[in-house]
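In: from the sequence below, what's the structure:
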Amino acid sequence: MELSVILPLIVIAIFILSSAIKILQEYERGVIFRLGRLAGVRGPGLVLIIPLIDRLVKVSLRIITMDIPPQDVITKDNVSVKINAVVYFRVVDPAKSVISVENFIYATSQLAQTTLRSVCGEVELDEILAHRERINMKIQTILDKMTEPWGIKISAVEVKHIDLPQEMQRAMARQAEAERERRAKITLAEAEFQAARRLKEAADTLAQNPITIQLRFLQTVTELATEKTATLVLPVPIELFRFLSQDRKIKIEEEKTEAEKTEKTETKIPEEKEEQK
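Out: Residues are numbered from 1 along each chain as shown. Below you'll find the model as predicted:
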């Protein structure tokens, strides 16, 4: 009879002890409610509570990675895009995360979606593509400020993917191609300008002494002679013809002066003979 009474008491005592003893991990904290009122935060390790009076709510302090689904956003320059992102946050105040909001993960997710749409809708598409870090910081600042009363800290926000319409992708591809063609033309024009300047300097150097043109011509002939071809084309510079024409003019002028001298001498001889008579 005594055993039949003691055995239920032992079972009840074991049940009470098991419900009174709670073990929390290092990354967990326990929010205790005593008769519906907040009694404090316990953990980690072994935590004792009063059965049927206290209620323990476990809260994880690890960083939570939450994916924001793609959001349809109309940018400031009226471009419709789809943007998704990822949010990293953690609980810094377990009591506020349990008391202030019913489900802090769901609430943070909905707040992140609306903030992503509002922030990306205030800027142009080029700014979203070129200054993504600035958009991330702005979204993080807004979320951190709004989730602070919930005991949540936003660690980082990263925009993952921006889905552009096919028409916009083709337009951007044409724009990039036109920009590259413009740069190529500018580079080619700059190269032509530098080459023309160098050629002018070389021409000025060759013009200082006409014999250098002939030397350059002979050097070109030597280079062409090394090629094993049946036909040999010799480019003759125009300056060489000018040089030859100048020599011819000089010879003609010399012949004219000599002819004038001979005529003068011939006219002087009869005059001297008449004077002697």
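In: against Leu35, how distant is Ala112?
Out: Remark: distance between Ala112 and Leu35 (C-beta to C-beta, to the nearest Å) = 36 Å. Any C-beta I mention is one placed from the backbone N, CA and C, and that applies to glycine too.
In: more crowded one of the two?
Out: Each of Ala112 and Leu35 has its neighbours counted (other C-beta atoms under 10 Å); Ala112 has more, 26 against 9.
In: pretty sure the more buried one contacts Ala85?
Out: Yes - Ala112 lies in contact with Ala85 (C-beta atoms under 8 Å); the separation is 7.3 Å.
In: now the common contact residues for the two.
Out: Overlap of the contact sets of Ala112 and Ala85 (by C-beta atoms under 8 Å, 6 or more residues apart in numbering) consists of 68, 139, 157.
In: in strands only, show me those.
Out: Within these, residues falling in strands by DSSP state E are 68, 157.
In: JSON lines please, covering the shared contacts of Ala112 and Ala85 and showing pLDDT and neighbour count.
Out: Rendered in JSON lines, the data for the shared contacts of Ala112 and Ala85 read as follows (pLDDT from 0 to 100; neighbours: other C-beta atoms under 10 Å):
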{"residue": "Ile68", "pLDDT": "91", "neighbour count": "22"}
{"residue": "Ile139", "pLDDT": "93", "neighbour count": "24"}
{"residue": "Val157", "pLDDT": "94", "neighbour count": "25"}
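In: let me have the shared contacts of Ala112 and Ala85 in a markdown table, extended by distance to Ala178.
Out: Supplementary listing: these in a markdown table, determined by distance: C-beta to C-beta, whole Å:
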| residue | distance to Ala178 |
| --- | --- |
| Ile68 | 35 |
| Ile139 | 33 |
| Val157 | 34 |
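In: and the shared contacts of Ala112 and Ala85, which is closest to Val11?
Out: Within those, the smallest distance to Val11 is 50.2 Å, found for Ile68 (C-beta to C-beta).
In: in whatever helix or strand Ala85 lives in, what's buried?
Out: If you go by DSSP states H and E, Ala85 is part of strand 80-91. By neighbour count on 16 or more other C-beta atoms under 10 Å, the buried set for strand 80-91 is 81, 83-85, 87, 89-91.
In: and the residues you listed, which two are furthest apart?
Out: Farthest-apart pair in those is Val81 and Val91; separation 32.5 Å (C-beta to C-beta).
In: hmm, Pro69 is touching Ala85, no?
Out: No - using C-beta under 8 Å, Pro69 is not in contact with Ala85; the gap is 9.5 Å.
In: mean confidence score for stretch 172-185?
Out: For stretch 172-185, the mean pLDDT works out to 84.
In: who touches that stretch?
Out: By C-beta under 8 Å, 6+ apart, stretch 172-185 touches Leu164.
In: can you give me the buried ones in that stretch?
Out: Residues of stretch 172-185 include none that count as buried (16+ other C-beta under 10 Å).
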